[in-house]
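Visitor: sequence isn't available, so here's the structure alone:
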Ligand SMILES: Nc1ncnc2c1ncn2[C@@H]1O[C@H](COP(=O)(O)OP(=O)(O)OP(=O)(O)O)[C@@H](O)[C@H]1O
Ligand SMILES: [Mg+2]
């Protein structure tokens with residue numbers, strides 16, 4: 001470990017030398033300042049972990065040294081040494097941020113004891129800061145960032161179901177993180193060493209999708225010039241993730257059902273079924289129950305898939321996740337793109353929280369990347385955000401349900417105030433809220449307090 005750097009400020013040369021020796025003997029790196037001015041110069045130029053200063057120095061008050069040290073190095077620990085009978089100055093020193101004081105004549109043993117305590121304190125403060133930094137990423141489960149209870153619940157489910165063989169149906173609006181959850185389910189399962197194979201069922205026409213999933217034999221169709229393994233086989237021992245499962249045709253749904261029920265598939269153009277052992281996960285942003293009711297999705301497959309549903313809440317339903325996610329994406333984008341901004345201004349943070357995020361987490365990720373490029377300061381300002389996120393006043397009432405609610409509440413409050421002739425106590429009673437609550441809301445809505 002590095003030596004602790006200590007600045008000893010003592011105008012009594014022999015005392016300074018004696019204490020300095022003692023500190024060095026204890027393994028610290030010590031510098032001695034023989035006057036207040038000397039101490040200030042040294043503090044201005046160097047880095048120290050602790051300062052031990054006499055309070056009565058020839059030129060400068062030890063308190064000044066203490067204050068300078070604290071301004072220059074906020075985390076420095078300062079011990080003061082006082083003569084007998086100057087308890088008042090010792091108290092003043094404590095108030096100014098000294099860790100402790102020693103009365104002269106200073107016993108080396110006592111000095112060591114108090115210094116160790118101060119250094120331990122400083123170490124703890126550092127540790128707390130380090131942990132705080134870590135906490136920023138604490139709400140992270142294999143790269144899944146969250147803060148509030150809704151995602152906590154989802155991840156508890158993920159944890160529980162991952163180790164089972166259950167088929168999981170992941171539901172949620174576009175961009176809520178369905179694929180991320182599918183990968184987490186794979187990573188947390190006993191199949192983590194097998195392959196994770198994902199396919200978007202909406203991206204291929206039926207025939208191609210079928211041969212992609214189940215494979216085909218040579219000559220099965222024009223262009224099938226050799227045998228080909230399908231994704232079910234690729235995912236044997238691993239996980240097969242069928243994204244946008246709602247986009248499959250009824251014909252394919254029958255085959256999927258059989259694969260699920262029998263654990264068997266047939267390559268296209270082949271009559272011999274064979275066993276596969278991949279675990280199946282499926283996802284959709286559609287309302288499958290509705291598609292079943294409309295006859296667009298097979299009911300039997302639906303029930304087979306939804307044995308274990310995991311529903312991802314939309315981002316607007318977990319507003320407490322917005323900022324941790326935004327900060328996560330900002331750090332990520334900064335690594336990739338550079339840029340100056342390392343945080344969000346309070347106004348920008350409020351605007352991010354207020355927005356409805358129809359494209360959910362994916363939209364947030366893209367917005368943050370764009371914003372980082374726009375922002376020129378040390379923090380992202382509200383003005384750096386896309387226009388649709390700015391000033392609630394501009395689009396109030398149109399930009400979302402919450403705004404409409406806020407509008408209604410504001411109108412309601414104004415009406416009550418008017419009915420009570422501006423009397424806030426009366427208005428609060430009428431609204432059935434505490435006066436403080438009304439007062440806070442008036443402030444929030446910028447309603448001036450006209451009359452008492
Ligand atoms: N909680 C989260 N923490 C960190 N990143 C997230 C989180 N949720 C989503 N993302 C990121 O947001 C993006 C969109 O997530 P993903 O592709 O999993 O969404 P999806 O629900 O599958 O979307 P779609 O329905 O459009 O396919 C990805 O880059 C993903 O890494
Ligand atoms: Mg997806």
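Guide: Great, that's in hand. Note that the coordinates shown come from a computational prediction; the quantities given were computed from them, not determined experimentally. Ligands and ions are numbered 1, 2, ... in the order given.
Visitor: rest of the way, CA atoms for contacts and neighbours
Guide: Will do.
Visitor: so the closest residue to residue 310 other than its chain neighbours, which state does it fall into?
Guide: Setting aside the residues directly before and after it, residue 310 is nearest to residue 170 in space (CA to CA, 6 or more residues apart in numbering), at 4.9 Å. What DSSP: H, G, I helix; E, B strand; the rest coil gives for residue 170 is strand.
Visitor: residue contacts, residue 170?
Guide: Residues near residue 170 by CA atoms under 8 Å, 6 or more residues apart in numbering: 178, 181, 182, 281, 282, 283, 284, 309, 310, 311, 312.
Visitor: now with 10 Å, please.
Guide: 177-179, 181-182, 243-244, 281-285, 305-306, 308-312 (CA atoms under 10 Å, 6 or more residues apart in numbering).
Visitor: beta-bridge partners for it, please?
Guide: Note on residue 170: beta-bridge partners by DSSP bridges are residue 283, residue 310.
Visitor: how close does it sit to residue 284?
Guide: 7 Å (CA to CA, to the nearest Å).
Visitor: list residues touching both of those two?
Guide: Joint contacts of residue 170 and residue 284 (CA under 10 Å, 6+ apart) are 178, 243, 244.
Visitor: so which of those belong to helices?
Guide: Among the shared contacts of residue 170 and residue 284, DSSP state H puts residue 178 in helices.
Visitor: among the shared contacts of residue 170 and residue 284, which ones lie close to ligand 1?
Guide: residue 178 (CA under 6 Å from any ligand atom).
Visitor: adding neighbour count and pLDDT, write the shared contacts of residue 170 and residue 284 out as CSV.
Guide: Shown next, in CSV, are the shared contacts of residue 170 and residue 284 (neighbours: other CA atoms under 10 Å; pLDDT from 0 to 100):
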residue, neighbour count, pLDDT
178, 23, 97
243, 23, 97
244, 19, 96
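Visitor: residue numbers of the stretch 201-350 of the chain in contact with ligand 1?
Guide: residue 285.
Visitor: how about the helices of the stretch 201-350 of the chain, start to end?
Guide: 206-214, 231-234, 250-262, 288-293, 299-305, 322-337, 346-354 (DSSP state H, counting those that start in this stretch).
Visitor: does anything pack onto the first one? Which helices or strands?
Guide: Using 3 or more CA pairs under 10 Å, 6 or more residues apart in numbering; DSSP states H and E as the contact definition, the elements that helix 206-214 packs against are strand 196-200, strand 215-216, strand 228-229, helix 231-234, helix 250-262.
Visitor: residues contacting it, please?
Guide: Contacts for helix 206-214 (CA under 10 Å, 6+ apart): 199-204, 215-217, 220, 224, 228-234, 240, 242, 247-252, 255-256, 259, 265-269.
Visitor: quick one: buried ones out of the residues you listed?
Guide: 199-202, 215-217, 220, 228-234, 240, 242, 247-249, 255-256, 259, 265-269 (16 or more other CA atoms under 10 Å).
Visitor: in CSV: the helices and strands packed on helix 206-214, plus distance to residue 4 and mean pLDDT.
Guide: CSV is the format used below for the helices and strands packed on helix 206-214 (distance: least, CA to CA, whole Å; pLDDT from 0 to 100):
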stretch, distance to residue 4, mean pLDDT
strand 196-200, 51, 96
strand 215-216, 67, 94
strand 228-229, 65, 92
helix 231-234, 58, 94
helix 250-262, 65, 94
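Visitor: reformat the ones you listed as JSON lines; add distance to residue 363.
Guide: JSON lines is the format used below for these (distance: least, CA to CA, whole Å):
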{"stretch": "strand 196-200", "distance to residue 363": "20"}
{"stretch": "strand 215-216", "distance to residue 363": "35"}
{"stretch": "strand 228-229", "distance to residue 363": "36"}
{"stretch": "helix 231-234", "distance to residue 363": "30"}
{"stretch": "helix 250-262", "distance to residue 363": "31"}
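Visitor: mind checking the SS state of the residue in the stretch 301-450 of the chain that ligand 1 sits nearest to?
Guide: Here the residue of the stretch 301-450 of the chain nearest ligand 1 is residue 362; by CA to the nearest ligand atom that distance is 4.1 Å. Under three-state DSSP, residue 362 falls in the helix class.
Visitor: near it, how many other residues are there?
Guide: If you count neighbours by other CA atoms under 10 Å, residue 362 ends up with 15.
Visitor: residues in contact with it?
Guide: 174, 175, 176, 177, 315.
Visitor: so which of these is the closest to residue 145?
Guide: residue 177 (10.4 Å; CA to CA).
Visitor: the residue lying closest to residue 27 once chain neighbours are set aside is in what secondary structure piece?
Guide: Spatially, and ignoring its direct neighbours in sequence, residue 27 is nearest to residue 3 (6.8 Å; CA to CA, 6+ apart). For residue 3, there is no enclosing helix or strand under DSSP states H and E.
Visitor: do you know how far residue 3 is from residue 119?
Guide: For residue 3 relative to residue 119 (CA to CA), the value is 12 Å.
Visitor: the more surrounded of those two?
Guide: A count of neighbours by other CA under 10 Å puts residue 119 above the other of residue 3 and residue 119, at 18 against 11.
Visitor: how about the secondary structure of the more buried one?
Guide: helix.
Visitor: contact partners of the one helix or strand residue 156 maps to?
Guide: Counting by DSSP H and E, the element that carries residue 156 is helix 149-162. Applying CA under 10 Å, 6+ apart, the contact partners of helix 149-162 are 139, 141, 144-146, 167-168, 181-182, 184-191, 308-315, 317-321.
Visitor: that helix and ligand 1, are they touching?
Guide: No. Using CA under 6 Å from any ligand atom, helix 149-162 stays clear of ligand 1, coming no nearer than 7.7 Å.
Visitor: in that helix, what counts as buried?
Guide: 150, 151, 154, 155, 157, 158, 161, 162.
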